[in-house]
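In: build me a structure from this.
(4 chains)
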Protein chains: 2
Amino acid sequence: MTTIGDIAKLAGVAKSTVSRYLNDGSVSEATKRKIQHIIKETGYTPNAFAQSLKAKKTNIIGTIVPRLDSYASSRTLIGIDEELKTMNYQMLISHSNLDLEREIENIHSLVTQKVAGIILLATEITDRHISIIKEVDIPVLIVGQQHKEIHSLIHNDYEAAYEVGKYVMSQGHKRIAFLGANEKNVAIGIDRKEGFKKSIEEAVDIDVRFFETNRNTLDSVSIVYDIIDTFCPSIIVCATDNLAIETMKAVYSKGISIPNDLSITGFGGYEMAEMIHPGLTTAKFFYKDAGNLAARKMLSLIRGEDTPMKTVSGFEIIYRESVRKV
Amino acid sequence: MTTIGDIAKLAGVAKSTVSRYLNDGSVSEATKRKIQHIIKETGYTPNAFAQSLKAKKTNIIGTIVPRLDSYASSRTLIGIDEELKTMNYQMLISHSNLDLEREIENIHSLVTQKVAGIILLATEITDRHISIIKEVDIPVLIVGQQHKEIHSLIHNDYEAAYEVGKYVMSQGHKRIAFLGANEKNVAIGIDRKEGFKKSIEEAVDIDVRFFETNRNTLDSVSIVYDIIDTFCPSIIVCATDNLAIETMKAVYSKGISIPNDLSITGFGGYEMAEMIHPGLTTAKFFYKDAGNLAARKMLSLIRGEDTPMKTVSGFEIIYRESVRKV
DNA sequence: CTGAAAGCGCTTACAG
DNA sequence: CTGAAAGCGCTTACAG
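Out: This next block holds a predicted model:
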C-alpha cells in the first residue's frame, strides 16, 4: 500500500505538498506535474479513513430505504447513486425493513459514521422523526413525503391523482370506485385521494365511493369482491400499481373481463404495469430522475446554499388498455 | 463528540485500558464496570475511521449489484444485510448498472476502501474477473454464477429446470417450446436449458424446440409470434419470470388464452408471478435465504475457515394456473 | 509556492 | 491487569 509519504519521497517534496495537490491545489505547475506522474505510476489512492479522521467529514451520503425490493425505492436509489458519482460522492444504503424504529436507529448510526448528509426514502413521518432530524447537525432530506419543517422532495401525487380523475371522467365513467392505501403514508394514502376528490368536485351525475386497504397492496381479495358486489363500478382507481395488479387478479377470478366489464388504473408507472396484460393505465412518476434531483438538492444543502424546503418532481399519465371508454 | 480520551479521563484510567475494554477485554471486573457505566452515560461510540485507520481492516462487506431494480438482487441484498447485521458487519452496496467494466472498477474501489470481503451478484464471469479476483487479497464470493477457481453460491438452476421439465411432461404436454435467455449468463442461459434438456432425454413422442432471447427479458414480441406461428406449442417454458410475463402479454395480444390454448412457465418465483392473472407456474428460488447463506459463507472466508468452493441454494416448484393438463 | 510539525481518535506492542 | 508511547495516513495552520 503506497501512502502519501511514499509519493512525497518519490516526488522529492513534503507530504503537505502532496496533500495540497490532492486538495486545494496551490502547487506550482512543475511540482504538480511531477506529483501527478508519480501518483499515476504508483496507482496511489488516498486512504479514506485517514482523510475522514482528519477532515472530520466524509463524502458519503447515507440513504435509508424502507424496502430494498420495491421498484420505486430501487429506481430512486439508482438515480441518487448516479448523480452522486458525478459529484464525487458516495452512496451508503441502509435498509430499515419498513420498521420505523429501525429507521430512527439508522439515522443515528449514519450520523455516527459521519456521513455528510442523509436522504430518507420516507413512508411515514412521525414526531420522533422530526425531533431527531432537527437535533442532528447534518442535512437530512426526505423523499416521497413532505413536512414543513424538513427539506423534502415529493412526487406530485396530488396533481397526478387530479389528472387521473379527469381522464377517468373523460372516458365516460360514472360509477367510480377509488381504492386507497393506508393514510399513514400521507403521499399515497391521502394526497392521491385528495387530488382525485378535487377532480370530481364539479362533476355531475356521477357516483364515487372510497375504499381503503391497510397497506399499499391488497390485504385480501375480499375487499375487491366487496367493491364489485356492493357497488358495481365501471372502474376501480387504485392508489398504487401493485394494488391495481392485484385487483386485476381478483377481478379476473370472478370471471369479469378487463377492460370490457371493468376498467382499472394505478399509480407509479412500475415496469410491471407495462409488462402485464392488459397494460395498466397509470400515473407514472420519474423515480430515477427524482433520485438525481434528491442528490443535487442534498449537495446544495451540504454546501449551505439557499435551497427551497420543498421540491416537486413531475409525473406523466400513461394511457394503456386497462381503461375502456364507456 | 466524546472520544476514547474523554472516557479514559472520566473513568480515571488510560486510553489503552478503555481500548482494551472495547476489544479483547482483558480488564478487571471493577474497571470494566466503571468504563461500561461511563460509556453508557456519555453515549460514546468509537470513531470508525480511527479504528479502521489503525486496525487496517473494517467490518464492512462490499457487495456489487448489477441492477438494483431487480427482484432477485434486492431480495438477495436484504438477506445479506440481515445476516451481516447479526454478525456486527455492515453491508456496502455498489451498483454496476449491468456494466462489466464498472463491475471491475467497483472491485478495485471496494478494495481501496478496505472492505473485509466482497460479494458479487454475478451475471457473467469473464477472464478479467477471474484475474482481478485472484489478485486481490481479500475474499470474494460470487453469487448466482459459479466458477471452479472462485468461491461461489449458486441457485440450483439445473435441478430446478429438470423438475420443471418433468412436471410439464407429467401434464401431458408434447409440443414444448423452451424460450431461453442469453448464454453469456451461464446460470440462466445455459444451466436452465441443460437441466430442462436432461428431463426430456428419455421422453418419447414429444417435440421440443429451443428459442433464445438476447437478454433475460423479451427483446420484442416477434419472437413469441414466431414460436406460435412456426411451431404452435402447447406450452412455452420461459427461462425467467419476467420473460414469462412478457410472453403472456404477447400471447394475449394474439387473442390466445392462457392456459386454455397455451400454457406458460417461468423461473424465479418473483412476487409478480403470484400477483398476475393467471398465476404463473414457476421454479421459485430463495433469494433472501441465499443472501443469508452468502453472508455466512463470507464470514467464514474472512475467518480463514475451511469453506467449500461451491454452495448450492435450493428451490421449489410453485404450481399455479398458467399450466393446463392436456 | 513549500516544508516541518502537530494532531485527528484510535490500537498495539512493550514494560511493569 | 494497567499505562506511556509510538504510530496508522492524512490535513491544516503556521512560518518562511
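In: now the residue most central in space within chain A: how far from B:Asn185?
Out: By C-alpha atoms, centre = their mean, the mean C-alpha position of chain A lies nearest to A:Thr76, the distance being 4.6 Å. A:Thr76 is 26 Å from B:Asn185, where distance means C-beta to C-beta, to the nearest Å. All C-beta atoms are positioned from the backbone trio N, CA, C, and that covers glycine.
In: what does A:Gly172 give?
Out: To B:Asn185, A:Gly172 is 47 Å away according to C-beta to C-beta.
In: and the two? Which one has more around it.
Out: For A:Gly172 versus B:Asn185, neighbours defined as other C-beta atoms under 10 Å in any protein chain shown are more numerous around B:Asn185 (21 against 11).
In: in the stretch 151-300 of chain A, which spans are strands?
Out: A:151-155, A:175-180, A:207-212, A:235-238, A:263-268, A:281-285 (DSSP state E, counting those that start in this stretch).
In: ok, back up a step: the residue nearest to the centre of chain A: which element?
Out: helix A:71-86 (DSSP states H and E).
In: same question, A:Ile93
Out: Per DSSP H and E: A:Ile93 is located in strand A:90-95.
In: so for that strand, what gets flagged as buried?
Out: A:Gln90, A:Met91, A:Leu92, A:Ile93, A:Ser94, A:His95 (16 or more other C-beta atoms under 10 Å in any protein chain shown).
In: next one: it to chain centre, how far?
Out: 14 Å (C-alpha atoms, centre = their mean, to the nearest Å).
In: for the residue nearest to the residue nearest to the centre of chain A when sequence neighbours are not counted, give me its contacts.
Out: Distances taken as C-beta to C-beta, 6 or more residues apart in numbering or on different chains put A:Gly291 closest to A:Thr76, at 4.2 Å, once the chain neighbours are dropped. Neighbour list for A:Gly291: A:Arg75, A:Thr76, A:Leu77, A:Ile78, A:Gly79, A:Ile80, A:Asp81, A:Glu82, A:Glu83, A:Val143 [criterion: C-beta atoms under 8 Å, 6 or more residues apart in numbering or on different chains].
In: if we can go back for a sec, output the strands of the stretch 151-300 of chain A as a markdown table; include the columns distance to DNA strand C and mean neighbour count.
Out: As requested, those are exported to a markdown table (distance: least, C-beta to the nearest atom of the strand, whole Å; neighbours: other C-beta atoms under 10 Å in any protein chain shown):
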| stretch | distance to DNA strand C | mean neighbour count |
| --- | --- | --- |
| strand A:151-155 | 28 | 25 |
| strand A:175-180 | 48 | 23 |
| strand A:207-212 | 49 | 15 |
| strand A:235-238 | 50 | 29 |
| strand A:263-268 | 44 | 28 |
| strand A:281-285 | 42 | 25 |
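In: go through these and name the closest to B:Tyr167.
Out: Nearest of the strands of the stretch 151-300 of chain A to B:Tyr167, taken as C-beta to C-beta: strand A:263-268 at 31.9 Å.
In: so for that closest one, what's the average pLDDT?
Out: The average pLDDT within strand A:263-268 is 98.
In: and the angle for that strand with strand A:281-285?
Out: Between strand A:263-268 and strand A:281-285, the angle comes out at 10 degrees (axes from the mean of the first three to the mean of the last three C-alpha atoms, to 10 degrees).
In: and strand A:263-268, how far from the chain's centre?
Out: Computed by C-alpha atoms, centre = their mean, the separation of strand A:263-268 from the middle of its chain amounts to 19 Å.
In: beyond the least confident helix or strand in chain A by mean pLDDT, next helix or strand please.
Out: Lowest mean confidence among the helices and strands of chain A (mean pLDDT, DSSP states H and E): helix A:48-55, at a mean of 86. Next in sequence after helix A:48-55, counting helices and strands by DSSP H and E, comes strand A:60-65.
In: so who does A:Thr17 touch?
Out: A:Ala8, A:Ala11, A:Val27, A:Thr31, A:Ile35.
In: reformat the residues you listed as JSON lines; add pLDDT.
Out: Formatted as JSON lines, the contacts of A:Thr17 follow (pLDDT from 0 to 100):
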{"residue": "A:Ala8", "pLDDT": "93"}
{"residue": "A:Ala11", "pLDDT": "93"}
{"residue": "A:Val27", "pLDDT": "91"}
{"residue": "A:Thr31", "pLDDT": "92"}
{"residue": "A:Ile35", "pLDDT": "93"}
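In: what parts of chain A come near chain B?
Out: A:45, A:47-50, A:52-53, A:68-71, A:74-75, A:77-78, A:81-82, A:91-93, A:95, A:97, A:112-114, A:242, A:245-246, A:248-249, A:252-253, A:271-272, A:275-279 (C-beta under 8 Å from any C-beta of the partner chain).
In: select only the buried ones of those in ChimeraX?
Out: Buried members of the residues of chain A next to chain B, defined by 16+ other C-beta under 10 Å, are picked up in ChimeraX with:
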select /A:47,48,49,52,53,68,69,70,71,74,75,77,78,81,82,91,92,93,95,113,114,242,245,246,248,249,252,272,275,276,277,278,279
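In: restrict the residues of chain A next to chain B to those near DNA strand C?
Out: When contact is defined as C-beta under 7 Å from any atom of the strand, the residues of chain A next to chain B meet DNA strand C at A:Ala50, A:Leu53.
In: how far does the least confident helix or strand of chain A sit from the chain's center?
Out: Its chain's C-alpha centre and that of helix A:48-55 lie 30 Å apart, by C-alpha atoms, centre = their mean.
In: that one vs DNA strand D: in contact?
Out: Yes - against DNA strand D, helix A:48-55 shows contacts by C-beta under 7 Å from any atom of the strand at A:Ala50, A:Gln51, A:Leu53, A:Lys54, A:Ala55.
In: so which of the contacts of A:Gly291 is the closest to A:His108?
Out: Nearest member of the contacts of A:Gly291 to A:His108, counting by C-beta to C-beta, is A:Val143, at 19.4 Å.
In: what's across from the closest one in the sheet?
Out: Note on A:Val143: beta-bridge partners A:Leu121, A:Leu153, judged by DSSP bridges.
In: what of A:Gly268?
Out: A:Lys284.
In: ok, it touching A:Thr281?
Out: No - when contacts are counted by C-beta atoms under 8 Å, A:Gly268 is not listed as touching A:Thr281 (11.7 Å).
In: out of the strands of the stretch 151-300 of chain A, which gets nearest to B:Leu22?
Out: strand A:151-155 (35.9 Å).
In: and that closest one, what does it pack against?
Out: Applying 3 or more C-beta pairs under 8 Å, 6 or more residues apart in numbering or on different chains; DSSP states H and E, one finds that strand A:151-155 contacts strand A:140-143, helix A:287-302, strand A:310-313.
In: who touches that strand?
Out: Residues external to strand A:151-155 that are found in contact with it (C-beta under 8 Å, 6+ apart): A:139-146, A:187, A:285, A:290, A:293-294, A:297, A:301, A:307, A:309-313, A:315.
In: just the buried ones out of those, please.
Out: Buried subset of the contacts of strand A:151-155 (neighbour count, 16+ other C-beta under 10 Å): A:139-146, A:187, A:285, A:290, A:293-294, A:297, A:301, A:307, A:311-313, A:315.
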